[in-house]
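Engineer: Pasting a predicted model and its sequence here:
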Amino acid sequence: LGLLKDFYDPKKDVFNTTKIPDIYDNIKYDSLHNRHLLRGLRSIYISAKNVADFVIPQEYGLFQTEKLVIGRSIVQNLLQHILQNLLKGMELDPSHRANLYFSSESHLHSLRNAILLSDIPHNRTVATTLEAMEINYMAHCVFRLFLDPTRDKGDPSRHYVDVQFAPGAALDPFIFMGKGQFR
């Protein structure tokens, strides 16, 4: 009820579009965890998703230059920490082999934008699909550091990093309900 009050002001007849991601997140969460309460609400979910698919990516900039600047400003400290750990992993006898970081959806959007829009060489096919990728519950990014033992120790190409993004729970949650349970 509070979210509805925050979303629409009847006195001013104005919608607060910054609440759309919250509304979509709540509907998606409830559709996954409270299905028994959502009979007949599939059309609301679809409408919320369609609006969210347009609004959420715009929160991090409309143009690529804005997305890069906003992304870098949000995840600068995280990127520095990841880089430090990747450099430690390149040592002859690294003290650790795996690092886990837990973050928010905004950080994942920003991390994705900062990586894709920087001058880092990457697979263009993956990059174009990632830019449109919805980030959901359990979304994650994996940085994998590899060593090519056939290269000399001083060769800058001896180590390389593979970056992978996964969208998390990206399916329509209503597809798991029985046929008569949604309309």
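Structural biologist: Arrived safely, thanks for sending.
Engineer: And the residue nearest to residue 28 when sequence neighbours are not counted, how close does it get to residue 151?
Structural biologist: Leaving aside its sequence neighbours, residue 28 sits nearest to residue 173 (C-beta to C-beta, 6 or more residues apart in numbering; 6.6 Å). Yep, even glycine has a C-beta here, placed from its N, CA and C like the rest. Using C-beta to C-beta, to the nearest Å, we find residue 173 at a distance of 47 Å from residue 151.
Engineer: Neighbour count for those two, which is higher?
Structural biologist: Each of residue 173 and residue 151 has its neighbours counted (other C-beta atoms under 10 Å); residue 173 has more, 20 against 13.
Engineer: Could you pull up the residues touching that one?
Structural biologist: Taking C-beta atoms under 8 Å, 6 or more residues apart in numbering as the contact definition, residue 173 lies against 28, 31-32, 35, 45.
Engineer: How about residue 90?
Structural biologist: 145, 147, 159.
Engineer: If you rank every helix and strand of the chain by mean pLDDT, what lands last?
Structural biologist: Across the helices and strands of the chain, mean pLDDT, DSSP states H and E gives its lowest value to helix 124-131, namely a mean of 62.
Engineer: Give the next helix or strand downstream of it.
Structural biologist: Tracing the chain C-terminally past helix 124-131 and defining elements by DSSP states H and E, one meets strand 140-147 next.
Engineer: So what touches that following strand?
Structural biologist: 82, 86, 89-90, 108, 111-112, 158-166, 168.
Engineer: redo that, cut-off 7 Å
Structural biologist: Strand 140-147 has contacts (C-beta atoms under 7 Å, 6 or more residues apart in numbering) with 82, 86, 89-90, 108, 111, 158-166, 168.
Engineer: go on, stretch 152-165?
Structural biologist: Outside stretch 152-165, the residues touching it (C-beta under 7 Å, 6+ apart) are 86, 90, 112, 115, 130, 133, 141-148, 151.
Engineer: What of stretch 78-85?
Structural biologist: Residues contacting stretch 78-85 (C-beta under 7 Å, 6+ apart): 99, 101, 103, 107, 111, 114, 143.
Engineer: any idea which element the residue of the chain positioned farthest from its centre lies in?
Structural biologist: Each residue of the chain has a distance to the centre, and by C-alpha atoms, centre = their mean the biggest one is for residue 152: 36.8 Å. When elements are assigned from DSSP H and E, residue 152 belongs to no helix and no strand.
Engineer: Can you tell me which of the contacts of strand 140-147 end up in strands?
Structural biologist: Counted as lying in strands by DSSP state E, out of these, are 159-166.
Engineer: Buried ones from those, can you make that a PyMOL selection?
Structural biologist: Buried subset of these, written as a PyMOL selection, criterion 16 or more other C-beta atoms under 10 Å:
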select buried, resi 163+165
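Engineer: And the ones in strands among the contacts of strand 140-147, which two are furthest apart?
Structural biologist: With C-beta to C-beta as the measure, no two of the ones in strands among the contacts of strand 140-147 lie farther apart than 159 and 166, at 23.1 Å.
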